[in-house]
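Chemist: any chance you could fold what I've pasted below:
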Amino acid sequence: MRKEFLTKTLFKGANQMPRAKSTEESTLKSLRVPNRLIERIEKIASDSPSYAKFDFSIFTNEALEEKLEKIEKRKSR
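Modeler: Next up, the predicted model:
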């Protein structure tokens, strides 16, 4: 019975990745994201609450830079 409960609860959302509620600087540093990108993320998150909930840690550094450029272009319009 206990094994069934654990299996059902542990694997219930196995296909779903949990989303971070905010960008954690320590998480990004542990992923070896350069400080210049962390500063850009913090600026975007502080300027727009909708981006504060976005999980930037799912991107590689190159993809992160591209995503930040797109966001900054959108905001400058």
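Chemist: report how many residues lie close to I41.
Modeler: The local packing of I41 (other C-beta atoms under 10 Å) involves 23 other residues. (Glycine included, C-beta is placed from N, CA and C.)
Chemist: list the contacts of it.
Modeler: Residues near I41 by C-beta atoms under 8 Å, 6 or more residues apart in numbering: 23, 28, 56, 64, 68.
Chemist: please enumerate the helices of this structure.
Modeler: Counting by DSSP state H, one finds helices in the chain at the ranges 2-10, 25-30, 35-47, 49-52, 61-76.
Chemist: need the ones you listed in JSON lines (columns: mean pLDDT).
Modeler: Formatted as JSON lines, the helices of the chain follow (pLDDT from 0 to 100):
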{"stretch": "helix 2-10", "mean pLDDT": "46"}
{"stretch": "helix 25-30", "mean pLDDT": "73"}
{"stretch": "helix 35-47", "mean pLDDT": "85"}
{"stretch": "helix 49-52", "mean pLDDT": "78"}
{"stretch": "helix 61-76", "mean pLDDT": "87"}
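Chemist: out of the ones you listed, which is the most enclosed?
Modeler: For the helices of the chain, the largest average neighbour count (mean count of other C-beta atoms under 10 Å) is found in helix 35-47, namely a mean of 15.
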